[in-house]
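In: My questions are about this predicted structure, shown below with the sequence.
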Amino acid sequence: QLQLVESGGGLVQPGGSLRLSCAASGFTLDYYAIGWFRQAPGKEREGVSCISSSGSSTTYADSVKGRFTISRDNAKKVVYLQMNNLKPEDTAVYYCAARGFSGCPSTVRKNYFGSWGQGTQVTVSS
């Protein structure tokens, strides 16, 4: 059974950093592109980043470019999201999801992904 579990969220001050992890089990991670999404209270779930199955290609939302970095370790079956220079507007529940293709879509939309994790809360506040 395909399962994704996020971890690494927490409370951080503006300008701080966090690294989220998305651990996969029940399937071969190597074949899937993985996306990170976030959802703030009262807002739609939005795409943050995506990484291709090999890790050779990445995509970022404009709002996080230059601050967030996605990476993966297929041997460990983990995908990471390094978040630097965090802002209060980054506060949300962060989710990872698998896409049944090796590549990322040109726009990281939730409709292109399935097999969602349960999410991890990120709060940026002083």
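Out: Everything's here; your move.

In: Test my guess that residue 3 contacts residue 25.
Out: Yes: contact criterion C-beta atoms under 8 Å: residue 3 and residue 25 qualify, at 4.8 Å. Quick note: C-beta positions are derived from backbone N, CA and C, even for glycine.

In: Tell me what the closest residue to residue 32 other than its chain neighbours is bridged to.
Out: If the residues on either side of it in the chain are set aside, residue 32 comes closest to residue 98, at 4.5 Å by C-beta to C-beta, 6 or more residues apart in numbering. Beta bridges link residue 98 to residue 34, residue 114, judged by DSSP bridges.

In: I'd assumed residue 117 was in contact with residue 98.
Out: No: using C-beta under 8 Å, residue 98 makes no contact with residue 117, being 9.2 Å away.

In: Mind listing the shared neighbours of the two?
Out: residue 4 (C-beta atoms under 8 Å, 6 or more residues apart in numbering).

In: hey, where'd the strands end up in the protein?
Out: Remark: strands assigned in the chain by DSSP state E are 3-7, 10-12, 18-25, 33-39, 46-51, 58-60, 68-73, 78-83, 92-99, 114-116, 120-124.

In: Worst mean pLDDT among those?
Out: Lowest mean pLDDT within the strands of the chain: strand 114-116, at a mean of 87.

In: Can you name every helix or strand that that one contacts?
Out: Applying 3 or more C-beta pairs under 8 Å, 6 or more residues apart in numbering; DSSP states H and E, one finds that strand 114-116 contacts strand 3-7, strand 92-99.

In: That strand: which residues count as buried?
Out: 115, 116 (16 or more other C-beta atoms under 10 Å).

In: residues contacting residue 96?
Out: For residue 96, counting by C-beta under 8 Å, 6+ apart, the contacting residues are 4, 6, 20, 22, 34, 35, 36, 37, 79, 81, 116, 117.
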